[in-house]
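Q: Provided below for reference: sequence and predicted model.
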Amino acid sequence: MLLKSVYNEFIKIAAKPRSYLGLGAITLLVGVILFALKADGLSFISFVTASFEQTLTFEGNIMNGNLVAFIILQMLIIHIPLLVALVTGDLVSGESASGTIRMLLTKPISRTSLLLSKFLAGAAYTLLIVFWLGFMAVVVGKLLFGSGDMMVLNSDGLVILQQDDIAWRYLGGFAVAFLALLTVSSLSICLSCFSDNSIGPIVATMAIIILFTIIGTLDVRIFDHVRPFLFTTHMAAWRSFFEVPFPEAAIWKSVLILLVHNVVLIGVSIFQFNKKDITA
Amino acid sequence: MHASLIKPNSGSIRIFGKSLEKNRSEILAKTGSIIEKPDFYKYLSAYKNLEIFARISGANASKKDIYGMLEFVGLQGRERDKVAGFSHGMKQRLGIAQTLLHQPDLIVLDEPTTGLDPQGIIDIRNLILQLRNEHRKTVILSSHNLSEIEIISNRMVIINQGRSVVEGTVSDLLNSEELVVSLEVDQVEKALRILQEEFKDVPKPKIEGHFLELALSRTDVAQYNQALVRNGLSVYSIESKRKLEDYFIKIVNN
């Protein structure tokens, strides 16, 4: 029954026009960035590397697909949660608002199974969004800009990664980015269980992300104990895959915290959805 | 509550002799329901909607079954149309199709004719009668439209303020007491005189034109009619003026 319900959820997501907004937005945004970098990428690079040019000489294809993909991810990864929440935040509350949840629950499917099918469908949609972002950034980026060693500027300085040492980093980075976005998906579905209108959970999800991001960036001692446990703190963990030495322990910690968030959010959702009277 | 959408504050619900709380899936697999109004995915076609509901009903409904069901409820030719363009009556019919796909033993319809135009009401009424008479389904109909109940139902329960006030077959309940009968005859005064000569304690009549209105028992109605015909009067019509509405009001007010 669970798998049948997941299939139903796929059909519904595929039939909703808003599901294609995310894919369209990624295509458009990445397209604009690729166009801008193709047109004037070198001046962008020289602006970034200006402080190193007195001590270092850069040779070869610096503005290559690997770097372009990194720039795109860095620019877009904070906006993708909205695209995910736009679809997942509507999965339960949208059906409450339209009354279809009442029809579904007169069928011999348990509430837990129905909700889990929505989580699984939300996860699949999130994966599709991450996959499309990866395809547009890495594959299309490499097609347009070619390949080469990758230059990454982080808080510790400049890191040069060999081109044959990059693919696994992107795979790992996208996997962690998926887990972070999955947390956003779980959060929005969880909020969706508390609401009977579709806009509320989407707005609330974004509000929470903004609030947590502010708490995470505010250098105030009172938040020091909270900051490491906020999922937003670990949304940028994908970047750690491009650090040398590779911070394995920090990445595993981020993965664990994101997983715990997902488990808790799914648990709260199941509890709330099961005790909720369906009166809409 | 029978579909466990709302949890009871107290007590328990048994359907098919089993506890709903413990056997929810088993009971719902044998039940088809429309609660209040049938809500569908407006962005999907009638066919896709039925496919979605059939999939989680435990039914192995084939494409042919779904098309057959849409034909049964009179939606043939609209299978691929999006529900967004459907009228309220069409949605009600699609709702009934959705309740039937998994061949339930019990169908629960909550206010199925609310908001429908006269033709829509007739269509839904005929569908329900067809389910009852041809498909031998048990239909529980919840309605405030008492004339519909009177036409469709065999048994009824009147619920007032959450409590069952009266229960039984519609005909028995309606005929258990005196009826108010309107007799249309050619000569009203003569008819009254004949009745007073032939019967003791003829109730006080109300006379309007050619109509003689009397409170009678069912057996009195037949005897009065025979007496009038035997004495050469023409009886054009005999109409029971006691309707479910009157009965309902009487029961509820008591």
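A: Sure, I can see it. It should be emphasised that the depicted structure is a prediction, and the values quoted were computed from it without experimental measurement.
Q: Pull the number of nearby residues for the residue in chain B that chain A sits nearest to.
A: Using Cβ to the nearest Cβ, the single residue of chain B nearest to chain A is B:D39, 3.1 Å away. Backbone N, C-alpha and C define where each C-beta goes, glycine included. Using other Cβ atoms under 10 Å in any protein chain shown, B:D39 has 21 neighbouring residues.
Q: Now it: closest residue in space that isn't a chain neighbour?
A: In space, and not counting its chain neighbours, B:D39 is closest to A:G99: 3.1 Å by Cβ to Cβ, 6 or more residues apart in numbering or on different chains.
Q: Tell me how far that neighbour lies from B:F40.
A: Per Cβ to Cβ, to the nearest Å, A:G99 is found 9 Å from B:F40.
Q: Which of the two has more residues huddled nearby?
A: Remark: of A:G99 and B:F40, B:F40 carries more neighbours, 25 against 16, as counted by other Cβ under 10 Å.
Q: pretty sure that one contacts B:E51?
A: No: applying Cβ atoms under 8 Å, one finds B:F40 not in contact with B:E51, separated by 11.7 Å.
Q: Output the below-cut-off pLDDT ranges for the stretch 1-150 of chain A.
A: A:47-54, A:56, A:58, A:60 (pLDDT under 70).
Q: what residues does it put near chain B?
A: A:1, A:4-5, A:7-8, A:11-12, A:15-17, A:98-100, A:102-110, A:114 (Cβ under 8 Å from any Cβ of the partner chain).
Q: Which positions in chain B make contact with chain A?
A: Within chain B, the positions near chain A by Cβ under 8 Å from any Cβ are B:3-7, B:24-29, B:31-33, B:35-44, B:48, B:52-53, B:55-58, B:98.
Q: change it to 6 Å
A: Within chain B, the positions lying close to chain A (Cβ under 6 Å from any Cβ of the partner chain) are B:3, B:5-6, B:25, B:28-29, B:33, B:35, B:39, B:43-44, B:52, B:55-58.
Q: Who are the contact partners of residue 110?
A: In the absence of a named chain, chain A is used. Shown in contact with A:S110 (Cβ atoms under 6 Å, 6 or more residues apart in numbering or on different chains): no residues.
Q: that's the wrong chain, I meant chain B
A: B:35-36, B:142.
Q: circling back to that earlier point, now which of the residues of the stretch 1-150 of chain A next to chain B would you call buried?
A: Buried residues within the residues of the stretch 1-150 of chain A next to chain B, counting neighbours by 16 or more other Cβ atoms under 10 Å in any protein chain shown: A:1, A:4-5, A:7-8, A:11-12, A:16, A:98-100, A:102-110, A:114.
Q: Out of the residues you listed, list just those in helices.
A: With helices taken from DSSP state H, the overlap with these comprises A:4-5, A:7-8, A:11-12, A:98, A:100, A:102-104, A:114.
Q: can you redo these as JSON lines with distance to A:F131?
A: Putting those into JSON lines (distance: Cβ to Cβ, whole Å) gives the following:
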{"residue": "A:K4", "distance to A:F131": "24"}
{"residue": "A:S5", "distance to A:F131": "23"}
{"residue": "A:Y7", "distance to A:F131": "20"}
{"residue": "A:N8", "distance to A:F131": "22"}
{"residue": "A:I11", "distance to A:F131": "20"}
{"residue": "A:K12", "distance to A:F131": "20"}
{"residue": "A:S98", "distance to A:F131": "29"}
{"residue": "A:T100", "distance to A:F131": "28"}
{"residue": "A:R102", "distance to A:F131": "34"}
{"residue": "A:M103", "distance to A:F131": "32"}
{"residue": "A:L104", "distance to A:F131": "28"}
{"residue": "A:L114", "distance to A:F131": "26"}
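Q: buried set for the helix or strand A:L153 falls within?
A: Here A:L153, judged by DSSP states H and E, is contained in strand A:150-154. For strand A:150-154, burial by neighbour count (16+ other Cβ under 10 Å) applies to A:150-152.
Q: one step back: of the contacts of B:D110, just the buried ones, PyMOL syntax please.
A: In PyMOL syntax, the buried subset of those is picked out as below (16+ other Cβ under 10 Å):
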select buried, chain B and resi 35
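Q: ok, for the residue in the stretch 151-280 of chain A that chain B sits nearest to, nearest residue in space, not its chain neighbours?
A: The minimum distance from the stretch 151-280 of chain A to chain B, using Cβ to the nearest Cβ, falls at A:I278 (4.1 Å). Closest residue to A:I278 apart from its sequence neighbours, by Cβ to Cβ, 6+ apart: B:L5 at 4.1 Å.
Q: Check whether that neighbour sits in a helix, strand or coil.
A: coil (DSSP: H, G, I helix; E, B strand; the rest coil).
Q: Run the chain-centre distance for stretch B:153-162.
A: Distance of stretch B:153-162 from its chain centroid, counting by Cα atoms, centre = their mean, to the nearest Å, is 11 Å.
Q: likewise stretch B:30-42?
A: Centre-to-centre, stretch B:30-42 and its host chain are 18 Å apart (Cα atoms, centre = their mean).
Q: Could you verify my assumption that A:S93 touches A:I202?
A: No: with contact defined as Cβ atoms under 6 Å, A:S93 does not count as touching A:I202 (8.9 Å).
Q: residue boundaries of the helices in the stretch 101-250 of chain B?
A: Taking DSSP state H, counting those that start in this stretch, the helices of the stretch 101-250 of chain B run over residues B:118-133, B:146-152, B:170-175, B:188-198, B:218-230, B:244-253.
Q: Could you dump the ones you listed into a markdown table with mean pLDDT added?
A: Shown next, in a markdown table, are the helices of the stretch 101-250 of chain B (pLDDT from 0 to 100):
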| stretch | mean pLDDT |
| --- | --- |
| helix B:118-133 | 84 |
| helix B:146-152 | 79 |
| helix B:170-175 | 72 |
| helix B:188-198 | 89 |
| helix B:218-230 | 87 |
| helix B:244-253 | 74 |
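Q: Adding mean neighbour count as columns, could you present these in JSON lines?
A: Shown next, in JSON lines, are those (neighbours: other Cβ atoms under 10 Å in any protein chain shown):
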{"stretch": "helix B:118-133", "mean neighbour count": "16"}
{"stretch": "helix B:146-152", "mean neighbour count": "17"}
{"stretch": "helix B:170-175", "mean neighbour count": "14"}
{"stretch": "helix B:188-198", "mean neighbour count": "16"}
{"stretch": "helix B:218-230", "mean neighbour count": "15"}
{"stretch": "helix B:244-253", "mean neighbour count": "14"}
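Q: Good, wrapping up.
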